[in-house]
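Participant: I'll drop the sequence and a predicted model, then ask my questions.
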Amino acid sequence: MDICILPRITAFFTFFIENQRFLEKLPLAGPHNFYRGGNLSVYDSEVKQSLEQLKRIIDSDKIVDLWGAAIQTYWNKKPVWLHGDLSAGNIILRNNTLVAIIDFGCMAIGDPACDLVIAWNFLDKKSRELFKAHLNLDSDTWLRAKGWALWKALITLASLKDKSSPEAIRQKLVIEIILHEQ
């Protein structure tokens, strides 16, 4: 990814985190958006099931430790706007420039950590570091974001029949990046 789009992505998050008066009537995270932006522990059983299915191909011990730490933290601030499904497929680029973000079906207010998943499944290392610095969120939020990214990568990988497919390789890479990041 070209770093030139990073300011636009950061501006997108900053706008909604800091200027959300018009969004205050949105519902809190819940069943309508699959709890995106809610308590991460709602996905604990899915993570455990995925780990059981994947125990021969991933480092379950490290994941269990990170996941356990992530679900022990909470967003203790005012709920903020969140997209709820911010992924590479919902970020439209043209010539390495952000032109649109689509699919707002999981939009709600809550913990922004679920939208930070793009730090690992979309941004390269340098862009991820800049992204984190620009957003200036606390370490617990970033820990939960890692939890969200792990959840998504694990359930996606577990659902794939061919564990050597390009998508499986991509999800394994996301998991490895998260586990080895300082």
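Facilitator: Perfect, thanks for sending it.
Participant: name the helix or strand of this protein that has the lowest mean pLDDT.
Facilitator: Of all helical and strand segments in the chain, the minimum by mean pLDDT, DSSP states H and E falls on helix 6-18, at a mean of 72.
Participant: this protein: helices as residue ranges?
Facilitator: For the chain, the helices defined by DSSP state H occupy 6-18, 44-54, 60-70, 118-121, 125-135, 139-159, 166-180.
Participant: and residue 63, how close does it get to residue 126?
Facilitator: 25 Å (CB to CB, to the nearest Å). All C-beta atoms are positioned from the backbone trio N, CA, C, and that covers glycine.
Participant: who has more neighbours, the two?
Facilitator: Neighbour count, other CB atoms under 10 Å: between residue 63 and residue 126, residue 63 has more, with 22 against 11.
Participant: that one is in contact with residue 174, isn't it?
Facilitator: No: using CB atoms under 8 Å, residue 63 is not in contact with residue 174, being 11.8 Å away.
Participant: so where's the chain uncertain?
Facilitator: Residue ranges of the chain with pLDDT under 70: 1-6, 16-23, 182.
Participant: which residue is nearest the middle of it?
Facilitator: residue 117 (2.0 Å; CA atoms, centre = their mean).
Participant: ok, for that one, nearest residue in space, not its chain neighbours?
Facilitator: Nearest residue to residue 117, sequence neighbours excluded (CB to CB, 6 or more residues apart in numbering): residue 149, at 4.4 Å.
Participant: that neighbour and residue 121: what is the separation?
Facilitator: For residue 149, the distance to residue 121 equals 6 Å [CB to CB].
Participant: again, but for residue 108
Facilitator: Distance check for residue 108 against residue 121: by CB to CB, it reads 20 Å.
Participant: show me what stretch 37-46 is in contact with.
Facilitator: 28-30, 35, 67, 70-71, 74, 79, 82, 84, 108-115, 144, 147-148, 151, 154-155 (CB atoms under 8 Å, 6 or more residues apart in numbering).
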